[in-house]
Every structure is written in structure tokens, then in C-alpha cells.
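[1] With the input below, show me the fold.
(2 chains)
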Amino acid sequence: MALRSAHLFFFFTITLLFTSAFSNLVLSKVERRIDLTSQIVRTISTLKVENEGPDMISEVLLCFPDYQAEKLAFFLVSPNEGKGKSKSSTTSLPVQGVKPEGMPSSLTFYSVSLPKGLSEGENIILDVFAVFTHSLQPFPEQITQADSQLVLFQDSAYYLSPYEVKIQSLSVRLPTPRVESYTKLQNTKLVDSEIKYGPYENIPAFSYEVVVVHYENNRPFAVARELVREIEISHWGNVQITEHYNLVHGGAYNKGGFSRLDYQARPHVRGVSSFRHLLARLPPRAHSVYYRDEIGNISTSHLRGDSRKTELELEPRYPMFGGWKTSFTIGYGLPLQEYLFESEGKRFLNISFGSPMQELVIDNLIVKIVLPEGSSDVSVSVPFSVKQLQEVKYSHLDIVGRPVAVLERKNAVPEHNMHFQVYYKFSGLSLLREPLMLISGFLFLFISCIIYMHADMSISKSSASYLAKLQWDEVQAAIQQVQNIINRCLGVHDKLETSLRDLSRTGDIQACKAARKAADSYLKELAKDLRPFLTFLQSCPQAAQILPKVEELVAKVKDIEEKLMLKNIMVVDSYEKKSGGREIENKVAALQQKLTTLRHEVDDILEVIDEI
Amino acid sequence: MASQAKPITSPISDVYYPSLAVVMIGIGLIVTASFFIYEATSSKKTRSLAKELIAGTVASVFLGFGSLFLLLASGVYV
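    As a prediction, this is how the structure comes out:
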């Protein structure tokens, strides 16, 4: 109440002081539409600017009262090509805040630069789109659970402008037809849920006529006190977005407690001013979406996706009444190739700035863009003014940390959800930094293993046990070599046996003889190789235990050799004499038995040696 | 500028991450196993530093890449 009368008085004085027009521009037609259907106030003013004076005018001044200008969140001026053209070709005109002299002090001025100058007699139509937050004041300020929410909105029926206005009209759109009260001036009518003021003719500059509308607004008043939006890029193919919300219901405070019974029995009557659902429009092909808070995962959510968008419908853990707070985190991943591009040697990220939630007012929006390690030369281009900072974040497999570009914006609305770009330089080879770090980690393990095996960690180098250990190692090496040779001998024996079998199959005596000769020479060689090892073992005192076994093994293998040779000769002779198969078998039967037993014994000894 | 902008993707397509992870870690573990078998069965005289270093390097390269692809396939985009 006091506010209203103060404003009335103030602007009355202004009107008295500045009744004379100061410029040659005249607004010949002004149509204003104020949209009060949600918690965000959107006004679209269509101005027809006409140049009546002799000079060429290239800029138009727009003004707002200070109390409105500080709540101005988004402001766009575009030329209107007329009713025939489609709305899609809107190019916004550059707007700048100015402080012209000789103007009343509690007004904020903006100067719009026209695309081409306006000469005498010409006119141009401008669309001014302004978005205000926190402009609806809940009245009464505290309501019970069953009450409907009523809010006050205040504006001027006459368009506040530094120029004279010839014809103007105002239409205020409300969400429901229920209006408690509204200021009734001349030419006022309430039609359905729209209040129409006007048309008014020949209003002088800086005129202000207070209009107050007290109406019912039960739309969700979701206000985020702070939203931290973290966008992390990984060149391996993913953009991860994490958003931390701190929400509050910005409408009339709830008094008298909350009755869950009443709320659940008749939610449309008891709890009409509350909201339960929040809708977030995520980009298409978003994956790995999660919704949790400090307690854990919140399961009351629905995700629907198609090729153009992914809709996430969230329900906080409790319905939101006036003054109630909640905080949660949502996160999702996006494919990299739709957001990261390369041009002129620099890479840039093209992604939306604001929150994907519908109709959310954000008091303090912080967007952090985390670029991969090794990025340099970071620059950001945003279509509206933001505060920029730089930070460093340490994340997976980081040595020096990842550069973070922090953008802060106060008073953000869904209209700010435009695309912005972040430019940076990144050489392709830096991508190998991460696997190289992992490889060097594993390499460190292997090298330490090698060093451990090579290092001699005994304390005394001349003690008897140390020397004994050294000798034992040598003995083991020698025995291994002996085993190798014995195994090769046994292989040759097997080859001889197979040649005998081939003989019985094919009858080729010459081949058999040749094989026997080759085997003989090879075995002689192996026997020669064996000798130095045997002499070493004999000279070594450590090997005293194992020496008899080794000698036994060697003797047995020699035995096998001789018997095999004998058998071979006998069989070949029988073939030459062309005696029958049964005779051959009888002759060699005894030899064969001995061979098999000897072979078994050799295998046993080899096993015993292995165990030692 | 928009006409020249071309999208950047990962050098290896997403689809291959799990199979690459399994294959590389498999090979890495086999080479690791052969390295440790060589260490265990060789005596001081028969050990050769060159063989050990080569086996260790090859094993760590395969294990390093394999663990990177394992991290990427499980959603930790490092």
C-alpha cells in the first residue's frame, strides 16, 4: 500500500516536470501484452516509432522505472516486419544501457540502435520483449494449506516512454478468470481471463498511471536459489552434465502446518497452491540420467525420450508448499559429436547455457565448463552478459588439473537457455596422456619386480650358508641342463620307434637304416654334451645327494639306447630275410619287456629329481 | 564459421570399447603370466635382462590400454 502511493506521487511529479517532448520521435501506436500466467512476467510491447523532426534518428530510447529494471532478467528488441512475414526471422537489435542527462533519476534507460537510420516521415515497428522475475507479490503473504494463492502485480496503464504516445492499448492476460480486484480506469474491461486497458490517445511523455491487479495464480512458483551446472568434456566421446539445484517455493508462505491426510484425500482442494512435478527437457540422446540428493537416489521420476528431446519428469521427495526448500542433483551424459566442433585450428563447444527445467527462475546461475587436461587458450562467447572466472579441477588421471571456465549470471530465466560457445586449443597427441599414465604405472610394477629378482639382499657375502646357496643354484642350473639333454635323448628314442613302425607299414628298409644312422650320430653328440655337466656335478660337494640319482638316470638311458639299437637291428635283419611278423615279435618280445620297464624307471627318476 | 565446423569424435568409436578392453587385458595378462613364469623358472645364470624388460614393457603397454578401455567402457570417461 505504502509502495503504491509513493510511486504514484513520484511519477506524478515527474509528469509535471517533463511534459514537453524532448526529441522528434513519436510513438504513433503502442500495443502492450503482459503475460501473467506463470510466476515469470513477460511483456511484449509493439511500438510504431515515427520520426517527425528534420534530423535522421538512429537510436531509440526505452525506459523502465528502477524498481522494475532491477528485476529485468531478459530483454530483447527486434524489428517487426509486419503481419505477413513469419516470426522466425527475428534479428535482435543491439541494446545498451545509457544514462542520458536531464532525465528523471529513478528511471533506467536503454538505447536501441536501429539497423538503418530513420529519416523524416519514416516509421519503423519494434517488438520489445521484456521478462521480469519476482514481480508478483503474494498477498496475503501467508496462506494455509487449503487456500488459493493470490498475488499482486503493479504496472502502468500508460506506456512509460520519453516520447509522446499517440494511441496505446494494454492487455493483461491472467491464468484463471478469478480476479480479486483490479484498478478500473476509463476504457477498462475484463473479458474471460484478460483485462483490457485502452485505447488511450495522445498521452504525453513520461506519463505513468498505476494499475494494480490482484488475482489468483496457482502455477508452480519454482525458484532456484542457486544452480550449479557443471559441464565436463571428455575427448573419448562424452559430455557429462551435472546440475545441483537448491529449490524453494517462491510464493505465499505456508502457515498452519501441513496435513498429509488432507493433501492426499483431496489434492486439488487442499494443496492447490503447491506443486509436485518438475519437468526438465533434456537434449535428445541423453544417457545415464540420474536423479539423487544427499540421502541417495530418488526413484520418483519418469524419463521419456524421442529423437528430438528427452523429457525427465521429477518429483521431489515431498510436495512443495510456500517457503519450503529442497535440493537435489541431476546428471546426464550426451554424445560428444553433437556438441564439440573444430574450426580454424580451435575446438569449440556449442551447448545450452541455462537449466533444462521448464519455467524455473534461477537467482544465481553458475555454469562451470571443465575442459580436458592439456587445453589452453580458453575463451567464451555468450550472447548476454555474464561474469567470467577461471578455476582448476582435479579429476581422474590428472597431473596438472583441468582448466575450468566459470560463468555466473544472476536472475536467469528459461529465455536464457540459448547456446553459447567455448573456444580452446587442444593438440590431438595430448589424448595419449591418460593411457601413458596407466602404462607407466604398470611398468613401474614390472620394473620393481625385476629389480627385486636381480637384487642381492643378503647381508653377509662370505658366510658359509650364502656360499652354499650360491653353489646350490649352480647345481640346479646344471641339473636342468642335464634334464634337457635326457629329454632330447628320449625324443630320439621315440623317433627310432616310429621309424620301426613306419617300416612295418611301408616296408622301406633303406629309410629305416638311414633313420637309425642319424639317430646314432645325434645320440653320440648328446652324450658328448652331457659329459661336462656330469663332471661338474661330480666335483661339487653340494650335489652329493643328487649325484647318484643322476648317474643312475644316465646309465639307464644308455641301457635303453643299446637295447633299442639291438632291437632295431634285429627287426631290420628279419625284414631282409623276409621272415613273418609273428617271428619278429617273438624275437623282440624279451627285449621289448625290458625296454618298457626301463622306461618306467627313467620316468620315475626324472620325477624325483624334479621334486628336489 | 558454422559451415566449416566439423564435429569431433573420439578416435575410436564408442561401440568398440568393451571388446577392446577385454582383448587388451587378456593379452596383457597372458604376457604378464609368461613374465612371471620366466622369473620363477630361471636361475641366476640363465636370466636375461633384455627378455625381462621386453616382456615387462609389452605387458604394461597392453595392460595400460586395456585398463583405459575398461574405464571408458564402464562409464568413467576419463
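[2] Can you tell me the SS state at the residue nearest to residue A:389 when sequence neighbours are not counted?
    Closest residue to residue A:389 apart from its sequence neighbours, by C-beta to C-beta, 6 or more residues apart in numbering or on different chains: residue A:406 at 4.1 Å. Quick note: C-beta positions are derived from backbone N, CA and C, even for glycine. Three-state call for residue A:406 (DSSP: H, G, I helix; E, B strand; the rest coil): strand.
[3] so how far is chain B from residue A:406?
    As judged by C-beta to the nearest C-beta, to the nearest Å, residue A:406 and chain B stand 21 Å apart.
[4] How about the secondary structure of residue A:201?
    Quick answer, by three-state DSSP: residue A:201 is strand.
[5] residues contacting it?
    A:166, A:167 (C-beta atoms under 8 Å, 6 or more residues apart in numbering or on different chains).
[6] quick one: residue A:270 from residue A:162, how far?
    Between residue A:270 and residue A:162 the computed distance is 50 Å (C-beta to C-beta, to the nearest Å).
[7] what do you get for residue A:304?
    According to C-beta to C-beta, residue A:304 and residue A:162 sit 50 Å apart.
[8] same thing with residue A:381?
    Distance of residue A:381 to residue A:162, given as C-beta to C-beta: 33 Å.
[9] These two: who's more crowded?
    Higher neighbour count among residue A:381 and residue A:162: residue A:162, with 21 against 9, using other C-beta atoms under 10 Å in any protein chain shown.
[10] What separation do you get for that one and chain B?
    Applying C-beta to the nearest C-beta, the value for residue A:162 to chain B is 39 Å.
[11] from what I can see that residue touches residue A:59, true?
    No - Residue A:162 is beyond contact range of residue A:59, at 11.8 Å (criterion: C-beta atoms under 8 Å).
[12] what does chain B have sitting close to chain A?
    Applying C-beta under 8 Å from any C-beta of the partner chain, we find that chain B lies next to chain A at B:1, B:4-11, B:14, B:35-36, B:39, B:43-47, B:49, B:52-53, B:56-57, B:59-61, B:63-65, B:67-68, B:71-72, B:75-78.
[13] For chain A, which element, helix or strand, carries the lowest mean pLDDT?
    Lowest mean confidence among the helices and strands of chain A (mean pLDDT, DSSP states H and E): helix A:2-17, at a mean of 52.
[14] Show the contacting residues for the residue positioned nearest the centre of chain B.
    Nearest residue to the geometric centre of chain B (C-alpha atoms, centre = their mean): residue B:62, 2.1 Å. Going by C-beta under 8 Å, 6+ apart, residue B:62 touches B:24, B:25, B:27, B:28, B:31.
[15] Which residue does the stretch 51-200 of chain A have closest to chain B?
    Per C-beta to the nearest C-beta, residue A:91 is where the stretch 51-200 of chain A lies closest to chain B, at 16.0 Å.
[16] Using the three-state scheme, assign the spatially closest residue to that residue that is not a sequence neighbour.
    Closest residue in space to residue A:91, ignoring its immediate chain neighbours: residue A:78 at 6.4 Å, by C-beta to C-beta, 6+ apart. Secondary structure assignment for residue A:78 (three-state DSSP): strand.
[17] Residue A:594 touches residue A:566, doesn't it?
    No - applying C-beta under 8 Å, one finds residue A:594 not in contact with residue A:566, separated by 10.3 Å.
[18] helix or strand for the residue nearest the centre of chain A, which one?
    The centre of chain A sits closest to residue A:240, judged by C-alpha atoms, centre = their mean, with a distance of 0.7 Å. Using DSSP states H and E, residue A:240 maps to strand A:238-249.
[19] partners of that strand, with directions?
    Here strand A:238-249 has these sheet partners by DSSP bridges: strand A:222-234 (antiparallel), strand A:325-335 (antiparallel).
[20] most neighbours per residue, which of these?
    With neighbours taken as mean count of other C-beta atoms under 10 Å in any protein chain shown, the strands paired with strand A:238-249 reach their highest mean count in strand A:222-234, at a mean of 20.
[21] Which one of the contacts of residue B:62 is nearest to chain A?
    Lowest distance from chain A to the contacts of residue B:62 (C-beta to the nearest C-beta) belongs to residue B:28, with 8.0 Å.
[22] Narrow the residues of chain B next to chain A to those that are buried.
    Using 16 or more other C-beta atoms under 10 Å in any protein chain shown as the burial test, the residues of chain B next to chain A include B:5, B:8-10, B:35, B:39, B:52, B:56-57, B:59-61, B:63-65, B:67-68, B:71-72, B:77-78 as buried.
[23] Pretty sure the residue nearest to the centre of chain B sits in a strand.
    No - using three-state DSSP, the secondary structure at residue B:62 is helix, not a strand.
[24] Find the residue closest to it in space, skipping its chain neighbours.
    Residue B:62's closest residue in space is residue B:28 (C-beta to C-beta, 6+ apart), at 3.4 Å.
[25] Could I get the full set of helices for the chain?
    In the absence of a named chain, chain A is used. Assigned by DSSP state H, chain A shows helices spanning A:2-17, A:66-69, A:260-265, A:433-454, A:464-506, A:509-539, A:547-577, A:581-611.
[26] was after chain B, sorry
    Counting by DSSP H, the helices of chain B are B:17-41, B:49-73.
[27] chain center to the last one, what's the gap?
    Right, helix B:49-73. Here helix B:49-73 is found 4 Å from its chain centre; the criterion is C-alpha atoms, centre = their mean, to the nearest Å.
[28] Same check on the first one?
    Taking C-alpha atoms, centre = their mean, one finds the center of helix B:17-41 at 9 Å from the center of the full chain.
[29] pLDDT (mean, whole number) over it?
    What helix B:17-41 shows for mean pLDDT is 94.
[30] Ok, stretch A:346-353 next?
    93.
[31] contacts for it?
    With contacts defined as C-beta under 8 Å, 6+ apart, stretch A:346-353 is touched by A:231, A:233, A:239, A:283, A:339-342, A:367, A:369, A:377, A:382, A:407, A:409, A:416-426, B:5, B:8.
[32] Now, those that are in strands?
    A:231, A:233, A:239, A:340-342, A:367, A:369, A:377, A:407, A:409, A:419-425 (DSSP state E).
[33] State the distance from residue A:534 to residue B:52.
    31 Å.
[34] next one: residue A:577
    60 Å.
[35] got it, and residue A:472?
    For residue A:472, the distance to residue B:52 - C-beta to C-beta - is 22 Å.
[36] And residue A:265, by the same measure?
    78 Å.
[37] what's the answer for residue A:412, then?
    61 Å.
[38] same deal with residue A:28?
    From residue A:28 to residue B:52 the distance is 92 Å (C-beta to C-beta).
[39] wait, what's in contact with the one residue in the stretch 501-612 of chain A that gets nearest to chain B?
    Here the stretch 501-612 of chain A gets closest to chain B at one residue, residue A:610, 11.8 Å apart by C-beta to the nearest C-beta. Contacts for residue A:610 (C-beta under 8 Å, 6+ apart) come out as residue A:483.
[40] one more time with 10 Å, if that's ok
    The neighbours of residue A:610, taking C-beta atoms under 10 Å, 6 or more residues apart in numbering or on different chains as the test, are A:479, A:483.
[41] same check, this time on residue A:98
    Residues in contact with residue A:98, defined by C-beta under 10 Å, 6+ apart, are A:59, A:61, A:63, A:108, A:109, A:110, A:111.
[42] Of those residues, which pair is most distant in space?
    Greatest spatial distance among the contacts of residue A:98 (C-beta to C-beta): A:59 and A:108, at 15.9 Å.
[43] Mind checking the helices of chain B for the one nearest to residue A:558?
    Closest among those, using C-beta to C-beta: helix B:17-41, at 28.0 Å.
[44] what packs against the closest one?
    helix A:433-454, helix B:49-73 (3 or more C-beta pairs under 10 Å, 6 or more residues apart in numbering or on different chains; DSSP states H and E).
[45] Great, nothing more from me.
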